[in-house]
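# Only the shape, not the letters, is given here:
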């Protein structure tokens with residue numbers, strides 16, 4: 001990733017409406033990580049990431065920004081919920097497992113990249129193996145003429161497989177029924193290693209070669225997986241994964257407000273809250289965690305915390321943890337215009353999604369401008385009268401409008417249906433006006 005902050009914001013603009021402050025801060029943080037890697041080794045050690053705290057109501061784009069970051073940029077990235085961790089000594093996931101999750105994400109990312117680089121060779125090997133299954137090698141005592149004939153026939157068969165003309169043919173493949181490498185990130189590495197050793201021993205004792213008849217297309221898929229495992233250098237992948245985890249890793253901690261303890265709470269000793277903060281502190285400050293890739297130092301991992309903070313305040317976090325999130329960004333609530341933009345502007349907007357879903361049933365749906373405005377207005381009204389759940393209200397609103405059309409889609413094949421302002425108001429206005437109904441239905 002070598003994008004400028006402006007380019008990073010432009011990418012996020014395609015999916016997330018508004019929230020320019022948040023995008024700007026995150027874009028600078030990502031760019032600074034790239035800048036840091038160009039410094040001298042000595043200076044790199046002293047440049048620590050400035051962790052970010054996103055504050056704002058639900059449904060305004062905090063999680064969507066994180067989701068798009070993970071999909072768009074080739075960086076080791078995980079999104080976790082702070083509320084699923086417990087203090088050490090209690091049953092549940094301990095906070096160190098988030099670093100193990102990040103290491104696993106990095107490993108999978110690097111392994112995928114290595115496989116893509118080797119793809120031509122992997123495909124070549126797979127096709128060669130499939131061709132040999134259809135055209136077995138002549139016996140060792142065969143004449144040179146027979147071997148030459150087989151070689152030519154094998155090349156012809158490879159061309160046939162490549163063109164798809166041999167997909168229907170059946171071949172027999174053999175594979176071992178053994179367990180794959182188990183990355184259980186909830187177990188301490190020492191326990192995981194013992195479990196893995198037992199698994200290998202028991203797997204070796206009970207290893208069975210299974211034969212199965214499949215078509216050529218399925219066989220090639222199997223041979224590609226087999227060739228990929230033979231060709232990739234696992235040690236190089238682990239080393240690169242470890243480096244990327246430490247130098248480029250990002251952990252997005254959602255629902256961080258759920259581990260804050262309000263000053264009005266009588267007891268502050270809660271294993272799922274303040275204890276989790278104390279356990280989280282050394283990881284955010286910088287410590288060394290054991291993972292299956294090796295020892296991971298968290299000094300230069302970027303942490304992005306996010307929470308609504310409607311029952312608590314950022315100041316309810318323990319002071320040491322507050323200090324580790326120096327960049328605070330308050331997310332804006334969504335007004336009617338923002339909700340309208342969310343319906344229309346993103347690359348895969350909600351309206352585009354619904355149109356595409358019904359197109360699979362040969363039903364063409366057209367949303368009129370007035371209808372879109374009405375949905376945004378009614379969603380905003382529902383947010384004001386009940387709980388403000390931001391853009392998530394739009395899912396409920398559209399689903400209610402489209403309910404009958406989706407249900408009868410099979411009978412409307414070949415038709416063009418316009419979603420009008422009148423239809424939207426007919427479906428929603430009475431519900432929105434009646435607060436009791438709105439609380440349950442919207």
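On my side now, so go ahead. Remember, predicted model here, so these are calculated numbers, not experimental data. Numbering: from 1, shown residues only.

# The strand or helix carrying residue 106: which residues count as buried?
Using DSSP states H and E, residue 106 sits in helix 97-117. In terms of neighbour count (16 or more other CB atoms under 10 Å), helix 97-117 has its buried residues at 97-107, 109-111, 114-115. Glycine gets a C-beta too; all of them are placed from N, C-alpha and C.

# tell me the mean pLDDT for the helix or strand just after it?
Next helix or strand after helix 97-117 toward the C-terminus (DSSP H and E): helix 119-134. pLDDT averaged over helix 119-134 equals 88, rounded to a whole number.

# show me what contacts residue 429?
residue 378 (CB atoms under 8 Å, 6 or more residues apart in numbering).

# Could you look up the SS state of it?
The local conformation at residue 429, judged by DSSP: H, G, I helix; E, B strand; the rest coil, is helix.

# and the closest residue to residue 412 other than its chain neighbours, how many neighbours?
Spatial nearest neighbour of residue 412, excluding adjacent residues (CB to CB, 6 or more residues apart in numbering): residue 363 at 5.0 Å. Neighbour count for residue 363, taken as other CB atoms under 10 Å: 21.

# Hmm, residue 281 is touching residue 322, no?
No - assessed by CB atoms under 8 Å, residue 281 is found out of contact with residue 322, at 10.4 Å.

# that older thread, any idea which of the buried residues of helix 97-117 is closest to residue 332?
For these, the minimum distance to residue 332 (CB to CB) is 28.5 Å, reached by residue 98.

# Which pLDDT value goes with that closest one?
At residue 98, the pLDDT value in this model is 92.

# give the contact list for the closest residue to it other than its chain neighbours.
Spatial nearest neighbour of residue 98, chain neighbours left out: residue 80 (5.2 Å); criterion: CB to CB, 6+ apart. Counting by CB under 8 Å, 6+ apart, residue 80 makes contact with 98, 101, 251, 252, 253, 254.

# any idea which of the residues you listed is closest to residue 42?
Nearest to residue 42 among the contacts of residue 80 is residue 251, at 26.0 Å by CB to CB.

# Which helix or which strand is home to that closest one?
Element membership for residue 251, per DSSP H and E: strand 250-254.

# Now do the same contact list for residue 335.
Here residue 335 is in contact with residue 380 (CB under 8 Å, 6+ apart).

# pretty sure residue 306 belongs to a strand, no?
Yes - Residue 306 forms part of a strand when assessed by three-state DSSP.

# From what I see, it and residue 53 are in contact.
Yes - using CB under 8 Å, residue 306 is in contact with residue 53, at 7.5 Å.

# what touches both of the two?
Residues touching both residue 306 and residue 53 by CB under 8 Å, 6+ apart: residue 256.

# buried stuff in stretch 288-300?
In stretch 288-300, counting by 16+ other CB under 10 Å, buried: 289, 290, 291, 292, 293, 296, 298, 300.

# check contacts around residue 276.
Residue 276 makes contact with 82, 85, 86, 87, 95, 259 under the criterion CB under 8 Å, 6+ apart.

# swap in residue 350?
Listed by CB under 8 Å, 6+ apart, the contact partners of residue 350 are 342, 343, 394, 395, 398.

# where in this protein is pLDDT low?
Judged by pLDDT under 70, the chain has its weakly predicted residues at 1, 88-92, 176-208, 263-272, 442.

# if I look at the residue located most distally from the centre of it, how far off is residue 155?
Going by CA atoms, centre = their mean, the residue of the chain most distant from its centre is residue 143, 56.4 Å out. Noted for residue 143: a distance of 19 Å to residue 155, by CB to CB, to the nearest Å.
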